[in-house]
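Fold the following and give me the result.
(2 chains)
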Amino acid sequence: NAGVTQTPKFRILKIGQSMTLQCAQDMNHNYMYWYRQDPGMGLKLIYYSVGAGITDKGEVPNGYNVSRSTTEDFPLRLELAAPSQTSVYFCASRRGQTNQPQHFGDGTRLSIL
Amino acid sequence: DAKTTQPTSMDCAEGRAANLPCNHSTISGNEYVYWYRQIHSQGPQYIIHGLKNNETNEMASLIITEDRKSSTLILPHATLRDTAVYYCIAVGTSGTYKYIFGTGTRLKVLA
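Residues are numbered from 1 along each chain as shown, chains lettered A, B, ... in the order given. Predicted structure coming up:
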């Protein structure tokens, strides 16, 4: 039972490069979320999805894009990497029913130099 | 979703109960209280949640006051491995179930 799988675990990018952070879950969860966590801070919501084909912005969406073509996958795209996007990124998923917790992946640590 | 406030840090002796408070004075009637912890920089780990009744599982107990304005997470016999940042989150049940994280409580369990 893999749960929520995030790849890669670590990445260093140069300013202006682009990349996609991958997130996959094998629990058939409808809801998926992307968060970022800066040092010493709590997690902040970037984007979320309530099902395949449906996405919406969270608290800090600028500089990111997402897509949700399948139930299992929810990739996060950085188009023009900036130093301010240096952070740890977490993906989470949950069932559609009320009263269910989110399950988090192990994170992707991203540095932009 | 209601905002939650927690103390920045707490210490607890190993083997003793750790009591972590959370204030959520603006919580609405349909919002649950969820607790997570984050060890080092790993992904947040779900601990427990409740609406208005006290709850217990294999990890912890959750005590919610009758007016629901505050709650306490209890780790009955803290170990060194319980050293982590603990987050209390109020989550509504209509729509997106988004989490708004505060800065949490940094619990240090002392040998």
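
What parts of chain A come near chain B?
For chain A, the residues found near chain B under the criterion C-beta under 8 Å from any C-beta of the partner chain are A:4, A:31, A:33, A:35, A:37, A:40-45, A:48, A:50, A:56, A:58-59, A:88, A:90, A:92, A:94, A:98-107, A:109. C-beta: built from backbone N, CA, C; applies to glycine.

give the contact list for the most centrally placed residue in chain A.
In chain A, the centroid-proximal residue (C-alpha atoms, centre = their mean) is A:W34; its distance is 3.1 Å. Neighbouring residues of A:W34 by C-beta atoms under 8 Å, 6 or more residues apart in numbering or on different chains: A:21, A:23, A:45-48, A:58, A:64, A:66, A:74, A:76, A:89-91.

Among those residues, which ones are in strands?
A:21, A:23, A:45-48, A:64, A:66, A:76, A:89-91 (DSSP state E).

Turn those residues into CSV, including neighbour count and distance to B:R106.
As requested, these are arranged in CSV below (neighbours: other C-beta atoms under 10 Å in any protein chain shown; distance: C-beta to C-beta, whole Å):
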residue, neighbour count, distance to B:R106
A:L21, 22, 27
A:C23, 25, 27
A:L45, 20, 22
A:I46, 24, 24
A:Y47, 23, 28
A:Y48, 24, 27
A:Y64, 19, 28
A:V66, 23, 31
A:L76, 21, 28
A:Y89, 23, 22
A:F90, 27, 18
A:C91, 28, 24
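
Go through those and name the one nearest B:S61.
Using C-beta to C-beta, A:F90 is the member of the ones in strands among the contacts of A:W34 that sits closest to B:S61, with 26.5 Å.

Let me see the contact set for that closest one.
Contacts here follow C-beta under 8 Å, 6+ apart; on that basis A:F90 touches A:6, A:34-37, A:43, A:104-105, A:107, B:43-44.

what's across from it in the sheet?
A:Y35 (DSSP bridges).

Not including adjacent chain positions, what is the nearest residue to the residue nearest to the centre of chain A?
Distances taken as C-beta to C-beta, 6 or more residues apart in numbering or on different chains place A:I46 nearest to A:W34, at 4.4 Å, with adjacent residues excluded.

so B:N57 touches B:H49, yeah?
No - under the criterion of C-beta atoms under 8 Å, B:N57 makes no contact with B:H49, lying 9.7 Å away.

Neighbour count: those two, which is higher?
Set side by side, B:N57 and B:H49 show unequal neighbour counts under other C-beta atoms under 10 Å in any protein chain shown, the larger going to B:H49 at 18 against 10.

That one: which element?
Taking DSSP states H and E as the definition, one finds B:H49 inside strand B:45-50.

What residues does chain B have near chain A?
Taking C-beta under 8 Å from any C-beta, the part of chain B that reaches chain A is made up of B:32, B:34, B:41-46, B:49, B:51, B:87, B:93, B:95-104.

Return the members of those residues classed as buried.
Members of these that pass the buried threshold by neighbour count (16 or more other C-beta atoms under 10 Å in any protein chain shown) are listed as B:32, B:34, B:43-44, B:46, B:49, B:87, B:96-102, B:104.
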